[in-house]
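> Just the structure for this:
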Amino acid sequence: MIRVIIIDDEPLALRQLEMYISKISFLELVAACSSASAAKSCLERADAIFLDINMPDLNGMDFIKSLPHPPAVVFTTAYSEYAVEGFRINAVDYLLKPFSFKEFETSCRKLREYLDMKAALAEKEADPILHFKADYRTVSVDTRKIVFVESWSEYIKIHLVDAEEPVIVLYSLKNLIDLLPKGCFMRIHRSYIIALGHIAEASRTSVRLDNGTKLPVGELYRPAFGAYLSSMATKSAPAGPKKLLV
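Okay, here's the model as predicted:
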């Protein structure tokens, strides 16, 4: 069931949306609001919102842009000039008033497909195990045990916690970084990806990992790595075990 909020300053438009939603078996109406401001208290309970754009208290487009983690949105408006901007902020669909139930139903199917795909991607990202083909066999690597990865010609060497030898597979760092859990790994050099949780000491130009390995930080990667170190320095307690030199 997809929980939805509808936001429109026109009472007739709200009633039409309520009627349409009641006919869609996989939608559950959480709230019908006459303004974006009134909807703020309900957002945590919603998977998606059907949102008008031109409203007196707060423009619908500005409302979505103000949210750090907005739900999926379908715009419902009489103004076609907002369509391009709507899709730039990843709106699922854009219904131009007046729209029929058939058009609304089509939009709801798009919404369901979008949310199903998003859930599938989240589930995939949550899986810590990566699988690689190597010499007619499959090698499984637990990303939670990776300390760092190095490029080795056309191969990569994956160095793991408590493993004497690295896992060697035919793969590239460029493709690997897209598979690794976001926020847990960073590429610091054309030849190295590190697990951020294994940093023992670091500056903008070098890193020492908790297994004793010291690696350089490539010039191209220094701005991003330096920003990471600065952010961690502000969060770390003085007695923390890591030494971040920024």
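> which other residues reach stretch 92-99?
The contact list for stretch 92-99, computed with CB atoms under 8 Å, 6 or more residues apart in numbering, reads 13, 48, 50, 72-78, 80, 82-83, 86-87, 103-104, 107, 110-111, 114. Where C-beta positions appear, they are placed from N, C-alpha and C, glycine not excepted.
> Domain boundaries for this protein, per the record?
The chain breaks down by automatic domain parsing into domains covering 2-125, 129-244.
> Weed out the non-buried ones from the contacts of stretch 92-99.
Among the contacts of stretch 92-99, those scoring as buried are 13, 48, 50, 72-77, 82, 86, 104, 107, 111, 114 (criterion: 16 or more other CB atoms under 10 Å).
> By neighbour count, which bits of the helix ranked longest in the chain are buried? Give me those.
As assigned by DSSP state H, the longest helix anywhere in the chain is helix 101-126. For helix 101-126, the buried set under the neighbour-count rule, 16+ other CB under 10 Å, comprises Phe104, Ser107, Cys108, Leu111, Arg112, Tyr114, Leu115.
> hang on, the earlier thing: for the buried ones among the contacts of stretch 92-99, which one is nearest Ser203?
Using CB to CB, Ala72 comes nearest to Ser203 of those, at 42.1 Å.
> What sits closest to the closest one if chain neighbours are left out?
Spatial nearest neighbour of Ala72, excluding adjacent residues (CB to CB, 6 or more residues apart in numbering): Ala48 at 4.1 Å.
> Quick one: residues contacting that neighbour.
Ala48 makes contacts with Ile2, Arg3, Val4, Ile5, Pro71, Ala72, Val73, Val74, Val92, Leu111, Leu115, as judged by CB under 8 Å, 6+ apart.
> for Thr143, same thing?
The contact partners of Thr143, by CB under 8 Å, 6+ apart, come to Pro128, Ile129, Leu130, Leu180, Pro181, Cys184, Phe185.
> What's the ChimeraX syntax to select whichever of those residues are buried?
In ChimeraX, this line selects whichever of those come out buried by 16+ other CB under 10 Å:
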select :130,180,185
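> Take the contacts of Thr143 and keep only those in strands.
Judged by DSSP state E, strands contain the following of those: Ile129, Leu130, Phe185.
> Quick check: the last one touching Leu179?
I take that to be Phe185. No - checked against CB atoms under 8 Å, the pair Phe185 and Leu179 is beyond contact range at 9.6 Å.
> Now for the two: what residues contact both?
Counting by CB under 8 Å, 6+ apart, nothing touches both Phe185 and Leu179.
> Skipping adjacent residues, who's closest to Pro70 in space?
Among residues not flanking Pro70 along the chain, Ile64 sits closest, at 5.2 Å (CB to CB, 6+ apart).
> Now do the SS call for Leu43.
helix (DSSP: H, G, I helix; E, B strand; the rest coil).
> need the contact list for it.
By CB under 8 Å, 6+ apart, the contact list for Leu43 reads Ile5, Ile49, Leu67, Pro71.
> at 10 Å instead, please
Applying CB atoms under 10 Å, 6 or more residues apart in numbering, we find Leu43 in contact with Ile5, Val30, Ala31, Ile49, Leu67, His69, Pro70, Pro71.
> gap between the last one and Ala119?
When you say that, I think you mean Pro71. Using CB to CB, to the nearest Å, one gets 13 Å for the distance from Pro71 to Ala119.
> With that, I have no additional questions.
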